[in-house]
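Colleague: just the structure for this:
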Amino acid sequence: MLRRLNLCALLLLATSLPVPPASRAAAAADDVPAWLKAAAVAPVPPQAKDVSGVVVNDESDVTVGEDGRVTTVTTFAFRVLTRAGFERAAAAAHYDTDNGGKVLEMRAWLIRPDGSVKKYGKGETIDRIADTDNLYDESRMKVIDATRDAEVGSVFGYQTSVEERPWFPQEEWWFQGELPSLVSRFTLTLPAGWRADGTVFNAPKLDPAVSGNSYTWEMRNLSRVEDEPSSPSLRSLAAHVAVKYGPPAASAAQRFDTWADVSRWYTGLADPQAALDDPLALKARELTASAKTELDKIRAVGRYVQNLQYVSVQIGIGGWRPHAAAHVFAKQYGDCKDKATLMRAMLRAVKVEAYPVLIYSGDRTRVREEWVSPGQFNHCIVAVKVSDETKATSVIQHPALGRLLIFDATDPSTPVGDLPDDEQGSFALIAAGDGGSLVRMPVTAPEENMLSREVEAGLASDGSLTATLRERSVGQSAVDVRRRFKGLGPSDFARIIERWVSGGATGAKFSKIEPADSHAEGRFALDVEFTAAAYGQSMQDRLLVFKPAVFTRGNPVYLPGETRKYPVVLESSAFSETVRFKLPAGFDVDEVPDPVKIDSDFGTYTASYEVKDGQLLYTRKLVQRAATIPADKYADVRAFFGRVRASEEAPVVLARK
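Modeller: Numbering: from 1, shown residues only. Purely as a prediction, here's the structure:
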C-alpha cells in the first residue's frame, strides 16, 4: 500500500512540474497531421498586396449512412500573408440540435513561421448559438479562435467531424471565396446502390471522379472573388457544386425534383400554423373595420404586422416551420416566417387568401431556377390573392393562382404595394401546395421610384448662396430616406442632411430641416433652407464661377475601376431636379455647359440650361432601369455614368457687366 501511494505521489509530482516551452512545441508538432504539414510547406504563388491570405487546402468529406445520417469531415488550412489575415485563423463547426446534430471531433493547429506549433482542442473550444441575432436557435456552432496567436507567415489548420441527419438529401459546396484557394475538394460517399447528381455553377462543366460509391469534385488554383461596386453577392459569383442523392427507391418528392415538390413540402409545414383563433380574428376585423377597399384591408393588416417586433426564435425542422399565428399574436413578436404566417391568418379572418413566399433577401441573382432546393432561400414574405380592383406595383399574374400582391411584412420601411429593391426581379417560390411554383418577382418601373427636387436659389455678387430645397420621393427612393429617418433620432438625421448639403455647399448654415414621412402612401418629403457664404468662386472680381448642381443625387453609381470581372447590378430608379438660380445684379451669363442627352439600354440622362429674365434654369433627369449588365459591357456602363458625373460637375461662368 505504501509503495502504491509513493508511486501515485511521484506521478502527481511529474504531471504538476512545468513543461519547457520547447518540449510543449515539440509535442504539439508531433501531433500535426500529415495533410497540414504538407500545407505548411506548399508553395504559394505571388499575390496582390491586398490579399490577406491563401487557402492552401479546403476539403469536405461527406459520408451518408443507410439510415440517412451524415458524417462530415472538414479539413482546412490557411496561410496568413498580412495582418488583415489574422481574423481567418479561426475554426467553426456548425450543427443543429433539433436533427440530432453533434460535433464528434474538433482540433486545430497554428504552425508559426519558425516551425513551432500551437495545438487547440477541447479547452479552447467555445459552444454557442450559430446566429447571435436570434433570441434562441437550435442551430449551434463550436468555435476555436486563434486570431490572437496568428503571425504573418503562419499556417492555421483545423479538422472537424460533425454528425447529423439533414432535413433533405442535398449538399452544396463552395469551391471559391473572397480569398485565393490552391485546392478545394468535395467528396460524397453513399451506401451501396444509392446515386448522386451534381450541378456545378459559375464554372465550366465538371464531372465528378467516381470510385465505388464515392463522388469527388475538385478544383485547383482558384482566384479570389473580388469585391467590386454594384456587383452580385459573393455566393452568386463563386464556383460551387449542388448535389442531390438518395436510394434508388426514393420518390421525386423526397428528392425535390420539381419546384412543385418544394411547394408541397413547405405548404405542409406552414399551412397548419396559419390557423385562426378568436382573439386573432377579432383583432383582424377591428383593424379593417373602416377599410373601404380590398387594398385598404391588406394595408391595415400589413402595417400592423410590420410594426411587430422582429425576434427570431428558431425551433423545429431546422428553423423552417413558423410558429403558430395565435402564438405570434399573443407574444407580439416573430421572425420573417412568423410574420408571414400571422398576416395570412389575419387576412383569412377578413376573407382574403394569402400564401407564403420563400425568397432570398440581399441578392436578386442568388436563386437558380435549375437547382430545385429550399436551401436556396433565406427569407419568407407573402403573396396576397387580389381581385382586379386592386392596383399596385407589386402585383403579378400567376398562371394557376391568379393576381397576387407580393409584400414583405418584415421590412418596416416598404409599404404594402411595393417590394424591397433586393427582392425585385428575383426568383421566389410561392408555396401553395400543388399550385405553387417558382416565379419571377415584379420589378417596379423607374418612375415609380422617383426622387424629385425643386430648388429656389439666389446667388449674390460675393458668391454667397441662399437656397430652399423641396425634395419629394416615392417608392424605393422614399424607402431609402425612410430607413435613415427611422434608424436615427431627429438630431442625428438632421446632421446627416447637413453633411450631405455641405458636401456641395461648403459651410452651409441651416434655418430649416423638415422631414415628413407618409409611410402608407409610400412617400417621403424633405424641406431644407440654408445659406452658404462662399458658394460661387470670384475670379479677379470680374468672373463668378459656380456649379448649378448644388446637391449630389441619392445613391449614385460608383464604378472606379477601368476593368471589370463581374456583372454590374443596377436598381430601378428615377431622379429629376429643377434649379432656379436668381443671378446677382451686375452679372451676365458668360458661359454655360452644353446640354447633355445620353441614351442607353439601361437608362437615359438629360441636362439643360436656360437663361431668361435674370434667372438661370437648370434641369437634369436620370432614368435608370433595373438590370444586370455583363462584364463585357462594362465600358458602356462606365462611360454612361462618367458622362453623367462630368455633366454634373460642369460649372457656369458669370461675367460682370
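Colleague: which pLDDT value belongs to V350?
Modeller: Here, the pLDDT recorded for V350 equals 97.
Colleague: any idea how far it lies from R112?
Modeller: Per CB to CB, to the nearest Å, V350 is found 67 Å from R112. (Each C-beta comes from the backbone N, C-alpha and C, glycine too.)
Colleague: skipping adjacent residues, who's closest to L110 in space?
Modeller: In this structure, L110 finds its nearest non-sequential neighbour in K118, 4.5 Å apart by CB to CB, 6 or more residues apart in numbering.
Colleague: so what does the helix or strand where Y158 lies touch, helix or strand wise?
Modeller: Y158 is located in strand 155-164, with elements delineated by DSSP states H and E. The helices and strands touching strand 155-164, judged by 3 or more CB pairs under 8 Å, 6 or more residues apart in numbering; DSSP states H and E, are helix 34-41, strand 70-80, strand 90-96, strand 102-111.
Colleague: please name whichever of those is nearest to G489.
Modeller: For the helices and strands packed on strand 155-164, proximity to G489 was assessed by CB to CB; strand 90-96 is nearest, at 36.0 Å.
Colleague: between the strand holding Y158 and strand 90-96, how big is the angle?
Modeller: 10 degrees (axes from the mean of the first three to the mean of the last three CA atoms, to 10 degrees).
Colleague: and strand 155-164, average pLDDT?
Modeller: 96.
Colleague: and the angle from that strand to strand 102-111?
Modeller: Using the same axes, to 10 degrees, strand 155-164 lies at 180 degrees relative to strand 102-111.
Colleague: after strand 155-164 comes which helix or strand?
Modeller: strand 170-174.
Colleague: what's across from A242 in the sheet?
Modeller: E172, T199 (DSSP bridges).
Colleague: was I right about it contacting T199?
Modeller: Yes. Shown here, A242 and T199 form a contact pair, counting by CB atoms under 8 Å, at 5.1 Å.
Colleague: before we move on, back to that, what pairs with the strand holding Y158, parallel or antiparallel?
Modeller: Applying DSSP bridges to the sheet, strand 155-164 is found paired with strand 70-80 (antiparallel), strand 102-111 (antiparallel).
Colleague: so for P18, what's the pLDDT?
Modeller: As predicted, P18 sits at a pLDDT of 44.
Colleague: mean neighbour count, mean pLDDT and distance to G507 for the helices and strands packed on strand 155-164 - can I get that in CSV?
Modeller: Listed next are the helices and strands packed on strand 155-164 as CSV, based on neighbours: other CB atoms under 10 Å; pLDDT from 0 to 100; distance: least, CB to CB, whole Å:
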stretch, mean neighbour count, mean pLDDT, distance to G507
helix 34-41, 16, 94, 57
strand 70-80, 21, 97, 46
strand 90-96, 20, 91, 47
strand 102-111, 20, 96, 53
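Colleague: do you know which of those lies nearest V328?
Modeller: Ranking the helices and strands packed on strand 155-164 by proximity to V328 (CB to CB) places strand 90-96 first, at 22.3 Å.
Colleague: name the residues that touch that closest one?
Modeller: Here strand 90-96 makes contact (CB atoms under 8 Å, 6 or more residues apart in numbering) with 74, 76, 101-103, 106, 108, 120, 130, 138-147, 156, 158, 160, 162, 164, 318.
Colleague: work out the gap between it and the centre of the chain.
Modeller: How far strand 90-96 lies from its chain's middle: 22 Å, per CA atoms, centre = their mean, to the nearest Å.
Colleague: so which bits of the strand holding Y158 are buried?
Modeller: V155, F156, G157, Y158, Q159, T160, S161, V162, E163, E164 (16 or more other CB atoms under 10 Å).
Colleague: please apply the same query to stretch 627-635.
Modeller: So for stretch 627-635, counting by 16+ other CB under 10 Å, buried means A627, T628, I629, K633, Y634.
Colleague: so which of those residues belong to strands?
Modeller: A627, T628, I629 (DSSP state E).
Colleague: make JSON lines from the residues you listed and add distance to R470 and pLDDT to it.
Modeller: Converted to JSON lines, those look like this (distance: CB to CB, whole Å; pLDDT from 0 to 100):
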{"residue": "A627", "distance to R470": "30", "pLDDT": "91"}
{"residue": "T628", "distance to R470": "34", "pLDDT": "90"}
{"residue": "I629", "distance to R470": "33", "pLDDT": "93"}
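Colleague: relative to L543, which of those is nearest.
Modeller: Nearest to L543 among those is I629, at 41.3 Å by CB to CB.
Colleague: which residue sits closest to that closest one, ignoring its sequence neighbours?
Modeller: Leaving aside its sequence neighbours, I629 sits nearest to V568 (CB to CB, 6+ apart; 4.6 Å).
Colleague: just for the stretch 301-450 of the chain, where's the confidence low?
Modeller: 313-318 (pLDDT under 70).
Colleague: which other helices and strands contact the helix or strand containing V301?
Modeller: Using DSSP H and E, the element containing V301 is helix 294-306. Judged by 3+ CB pairs under 8 Å, 6+ apart, helix 294-306 is in contact with helix 278-287, helix 336-349, strand 402-407.
Colleague: now do 10 Å
Modeller: Contacts defined by 3 or more CB pairs under 10 Å, 6 or more residues apart in numbering; DSSP states H and E place helix 294-306 against helix 278-287, helix 325-331, helix 336-349, strand 379-385, strand 402-407.
Colleague: for G554, which non-adjacent residue is spatially closest?
Modeller: Nearest non-adjacent residue to G554 (CB to CB, 6+ apart): L451, at 5.5 Å.
Colleague: quick check: that neighbour touching R470?
Modeller: No. The pair L451 / R470 is not scored as a contact, 11.9 Å apart, by CB atoms under 10 Å.
Colleague: between those two, point out the one with more neighbours.
Modeller: For L451 versus R470, neighbours defined as other CB atoms under 10 Å are more numerous around L451 (24 against 15).
Colleague: report the secondary structure state of that one.
Modeller: Here L451 is recorded as strand under DSSP: H, G, I helix; E, B strand; the rest coil.
Colleague: from H240, how far off is T258?
Modeller: 22 Å.
Colleague: out of those two, which sits in the busier spot?
Modeller: The neighbour count for T258 versus H240, taken as other CB under 10 Å, is higher for H240 (23 against 14).
Colleague: so what's that one closest to, chain neighbours aside?
Modeller: W174 (4.4 Å).
Colleague: my read: the one you found touches V55, true?
Modeller: No. Under the criterion of CB under 10 Å, W174 is not in contact with V55, lying 11.1 Å apart.
Colleague: what touches both of the two?
Modeller: Residues touching both W174 and V55 (CB atoms under 10 Å, 6 or more residues apart in numbering) are S181, S184.
Colleague: neighbour count: the two, which is higher?
Modeller: The residue with more neighbours, out of W174 and V55, is V55; 22 against 19, by other CB under 10 Å.
Colleague: list the beta-bridge partners for that one.
Modeller: Going by DSSP bridges, V55 is paired in beta bridges with F78, S181.
Colleague: and the buried residues of stretch 627-635 as CSV, adding distance to V545?
Modeller: CSV is the format used below for these (distance: CB to CB, whole Å):
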residue, distance to V545
A627, 37
T628, 40
I629, 36
K633, 36
Y634, 34
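Colleague: right, I'll call it a day here.
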